[in-house]
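Engineer: Dropping a prediction and its sequence here:
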Amino acid sequence: MNVQNVADLLVSLFVVIVPIIGGFVTKHVLASKKVISLLQTAEPLAKTGVVLAEQAGVTNYLTSEAKKSKAVAYVLAELKKLGFTTADETTIASVVEKQFAESKQAIEAAYPQKTVADVEVDKKAMELKQAQADLAVAQAKVTSLTQAQ
């Protein structure tokens, strides 16, 4: 084997390998750009999702996990509307948690949350209202029966 054949062999290998490596690198660079774009888009959506979840917690008792699920669902739905078809739910959940953590004090001050005790008070108030309505009906019946005699 002479030097010319070895050089030709190396050039041939180089010509085959360079496009393969270039394609691989390009694929990963484009994937990284998509991920960066997804994260940049998801952050403001997560902030909105967190606020909406907290607003829902004002009128209804929601656990932290329920609020997180509500915010994640909002972000995924909005990303789908924007054309992001494959959004990793774990990544979105992390972005939502970050937004909850960053805005916790401001959101809790703006949206006081309903507690289990509040739900119980509301339930008792509804039961009392129903009992009063039942009592009024019973009193009206007693009055009508008394007058009929």
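Structural biologist: Thanks, I have the structure now.
Engineer: Now do the helix or strand bottoming out on mean pLDDT in the chain: which elements does it pack against?
Structural biologist: Every helix and strand in the chain was compared by mean pLDDT, DSSP states H and E; the lowest is helix 3-59, with a mean of 73. Here helix 3-59 touches helix 64-81, helix 89-110, going by 3 or more CB pairs under 8 Å, 6 or more residues apart in numbering; DSSP states H and E. In this view, the C-beta of every residue, glycine as well, is placed from N, C-alpha and C.
Engineer: Minimum distance to A46: which of these has it?
Structural biologist: A46 lies closest to helix 89-110 among the helices and strands packed on helix 3-59, at 4.3 Å (CB to CB).
Engineer: Pull the distance from the closest one to the chain's centre.
Structural biologist: In terms of CA atoms, centre = their mean, to the nearest Å, the centre of helix 89-110 is found 10 Å from the chain centre.
Engineer: Could you tell me the angle between it and helix 64-81?
Structural biologist: Counting by axes from the mean of the first three to the mean of the last three CA atoms, to 10 degrees, helix 89-110 lies at 120 degrees to helix 64-81.
Engineer: Which SSE is immediately downstream of helix 89-110?
Structural biologist: Downstream of helix 89-110, the first helix or strand assigned by DSSP states H and E is helix 116-148.
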